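Visitor: Sequence unavailable; structure follows:
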């Protein structure tokens, strides 16, 4: 099939299935998200009424992405956006948001290169890795302060979590030592950063 400048037509049927007329296949919202990321233009029509429902389908894709924990929209932004519905400024909001997103898209490569120059080529990986380590450390700390295993409200410790004589298992001591070591390392990094400023 030859590539055209015309957007691909997607039909949405009553059973909520989406049909890509360009490829003659049924697609999912995830498939449409991939098309958007690949900058492939499409329009979604209700198969029964012929109404253009592209906006609601795109909103649905955003809702699904947000539900997966890939949060781009801060709660304050969502609240402000809702406040604009029915407001006299409502007509200006779409063009302002479109202009802002276009500007961000144009500047994203510049922003990425500046981040890489400032924090190194693996800055985002390092930040993500640190967040994971902090989360794991927090979870281990919370387990130490929880008197009962998760899901057991009986008040008695399971055999797996208590050693004979009421002493903690060696793994808990090792976890505590590991946490202390990580805290010391983090403190040293903080001290080095404060010395540089």
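Guide: Cool, the structure landed. All values reported here derive from a predicted model rather than from experimental measurement.
Visitor: any chance you could map the strands in this protein?
Guide: For the chain, the strands defined by DSSP state E occupy 8-12, 18-20, 25-27, 42-46.
Visitor: could you dump the ones you listed to JSON lines with distance to residue 77, mean neighbour count and mean pLDDT?
Guide: In short, each C-beta sits where N, CA and C put it, glycine included. As requested, the strands of the chain are exported to JSON lines (distance: least, CB to CB, whole Å; neighbours: other CB atoms under 10 Å; pLDDT from 0 to 100):
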{"stretch": "strand 8-12", "distance to residue 77": "28", "mean neighbour count": "18", "mean pLDDT": "95"}
{"stretch": "strand 18-20", "distance to residue 77": "28", "mean neighbour count": "17", "mean pLDDT": "95"}
{"stretch": "strand 25-27", "distance to residue 77": "29", "mean neighbour count": "13", "mean pLDDT": "95"}
{"stretch": "strand 42-46", "distance to residue 77": "25", "mean neighbour count": "18", "mean pLDDT": "96"}
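Visitor: Need these in CSV (columns: distance to residue 90).
Guide: Converted to CSV, the strands of the chain look like this (distance: least, CB to CB, whole Å):
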stretch, distance to residue 90
strand 8-12, 26
strand 18-20, 29
strand 25-27, 32
strand 42-46, 23
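Visitor: Which of those strands sits closest to residue 133?
Guide: Of all those, it is strand 25-27 that lies closest to residue 133, at 38.2 Å by CB to CB.
Visitor: Cool, thanks, talk later.
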